[in-house]
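K.L.:
Below is the structure, and that's it, no one-letter string:
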């Protein structure tokens with residue numbers, strides 16, 4: 001986990017679908033920095049390869065420089081194309097260095113239950129952390145647990161200086177019995193292929209379609 005990275009942003013003088021497409025064709029990603037009580041909303045763009053390289057290094061805290069101004073920020077939302085292949089827009093949230101704030105991070109189950117299957121009830125957990133120490137995720141150990149066990153936020157393994165921002169009794173996972181699959185009855189025809197039941201689908205990132213500038217419009 002890298003403590004921080006500097007991103008050079010170019011101010012966006014044109015907004016809208018066509019301007020956003022031109023930026024992407026030039027290898028830049030449309031972005032914005034949210035307003036807070038002290039600073040205004042800022043629209044800008046960043047170099048696509050530079051930003052994606054910081055993500056591979058697990059960067060969470062950024063120093064964003066735009067038009068001679070600098071702000072510390074974290075990624076609030078990434079918006080991808082319909083296939084989840086190309087980053088369309090980045091929304092940054094202003095933060096203050098050294099000041100704890102709430103952040104949502106992935107919940108990671110580790111280990112294998114003694115019996116049953118570990119079922120994760122939530123994908124994200126809200127924590128309290130200074131921006132430079134946001135973890136990539138928080139760990140919940142399910143090793144050697146028996147069927148019927150319930151795990152709560154109190155069971156999380158939290159990094160140093162990271163606190164829970166949800167009640168300790170919040171249920172996060174449960175160990176359940178494997179789904180029983182009945183054997184075919186004697187004489188049952190089996191020459192026809194049976195399609196598996198689809199019980200759910202997952203996505204790489206939440207698909208937001210377009211970059212969502214200007215109050216949720218599509219490309220901007």
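P.N.:
Yes, it's here. Keep in mind that this is a model prediction, so the values were computed, not measured. Numbers count the residues shown, from 1 in each chain.
K.L.:
How is this protein partitioned into domains?
P.N.:
5-96, 101-176 (automatic domain parsing).
K.L.:
Take the ones you listed and lay them out in JSON lines including mean pLDDT.
P.N.:
Listed next are those as JSON lines, based on pLDDT from 0 to 100:
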{"stretch": "domain 5-96", "mean pLDDT": "94"}
{"stretch": "domain 101-176", "mean pLDDT": "95"}
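K.L.:
how about TSV for those domains, with mean neighbour count added?
P.N.:
The C-beta positions use only the backbone N, C-alpha and C, and glycine is treated the same way. Output for those, formatted as TSV (neighbours: other C-beta atoms under 10 Å):
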stretch	mean neighbour count
domain 5-96	16
domain 101-176	15
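K.L.:
Report all helices and strands that the longest strand along the chain contacts.
P.N.:
Counting by DSSP state E, the longest strand found in the chain is strand 69-80. Counting contacts by 3 or more C-beta pairs under 8 Å, 6 or more residues apart in numbering; DSSP states H and E, strand 69-80 packs against strand 61-66, strand 87-94.
K.L.:
Include distance to residue 53 when you put those strands into CSV, please.
P.N.:
Putting the helices and strands packed on strand 69-80 into CSV (distance: least, C-beta to C-beta, whole Å) gives the following:
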stretch, distance to residue 53
strand 61-66, 12
strand 87-94, 12
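K.L.:
Tell me which of these sits nearest to residue 47.
P.N.:
Closest approach to residue 47 among the helices and strands packed on strand 69-80 (C-beta to C-beta): strand 87-94, 11.6 Å.
K.L.:
Could you list the paired strands of that closest one along with their orientation?
P.N.:
strand 28-33 (parallel), strand 69-80 (antiparallel) (DSSP bridges).
K.L.:
After it, which helix or strand is next?
P.N.:
Following strand 87-94 in sequence order, the next helix or strand is strand 101-110 (DSSP states H and E).
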